[in-house]
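# Have a look; sequence and predicted model below, questions after that.
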Amino acid sequence: MPFDDNAKTNAHVLFDDQRPSPHGLDEDSVTGFVSAMCFRPMEDGEMVVRLTGEDGEIIDLRTNPVCAGRLAIALLDLINQNGWFDVDLRVSDRASEVARISPIRRNQFACSPAYD
């Protein structure tokens, strides 16, 4: 079954209804990964993400395109906010804007004229 408009609508509802809480999250309880690869959608429209853990363990995750897209947007937004990369991204669906991430303008100077 392809990922049709009805499946997309249901996936958005499920994403919002099942959004995980940050309560109880601590650094000792998370699994780190050092590499990731996304693969073409399967016949049912779901996607596979393969992660390589810090210890070399392979972790395969399966998700729908809505969850994958919203996760990608959230990750890019965090990366942009923290200044690790400049992200300039517009995401739309059916001509409606879903997200807009713009590079954060910073006034950072390598050296201050006051100390020259």
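Perfect, thanks for sending it.

# before we move on, which element is C38 in?
Using DSSP states H and E, C38 falls within strand 33-39.

# Mind checking the pLDDT average for that strand?
Looking at strand 33-39 alone, the average pLDDT works out to 93.

# What residues sit buried inside the very next helix or strand once past it?
Scanning forward in sequence from strand 33-39 by DSSP H and E, the next helix or strand is strand 47-53. Taking 16 or more other Cβ atoms under 10 Å as the basis for neighbour counts, the residues of strand 47-53 that come out buried are M47, V49, L51. Placement of C-beta: from N, CA and C, glycine included.

# Give the other helices and strands that strand 47-53 contacts.
Taking 3 or more Cβ pairs under 8 Å, 6 or more residues apart in numbering; DSSP states H and E as the contact definition, the neighbouring helices and strands of strand 47-53 are strand 33-39, strand 58-63, helix 65-81.

# Strand 33-39 and that strand, what's the angle between them?
160 degrees (axes from the mean of the first three to the mean of the last three Cα atoms, to 10 degrees).

# so strand 47-53 versus helix 65-81, what angle?
Angle between the axes of strand 47-53 and helix 65-81 is 50 degrees (criterion: the same axes, to 10 degrees).

# Just the buried residues of the strand holding C38, please?
For strand 33-39, the neighbour count (16+ other Cβ under 10 Å) marks F33 as buried.

# Between strand 58-63 and that strand, find me the angle.
50 degrees.

# Can you list the strands that strand 33-39 pairs with?
Partners of strand 33-39 in the sheet, by DSSP bridges, are strand 47-53 (antiparallel).

# how far does the strand it pairs with sit from the chain's center?
Its chain's average C-alpha position is 13 Å from that of strand 47-53, according to Cα atoms, centre = their mean, to the nearest Å.
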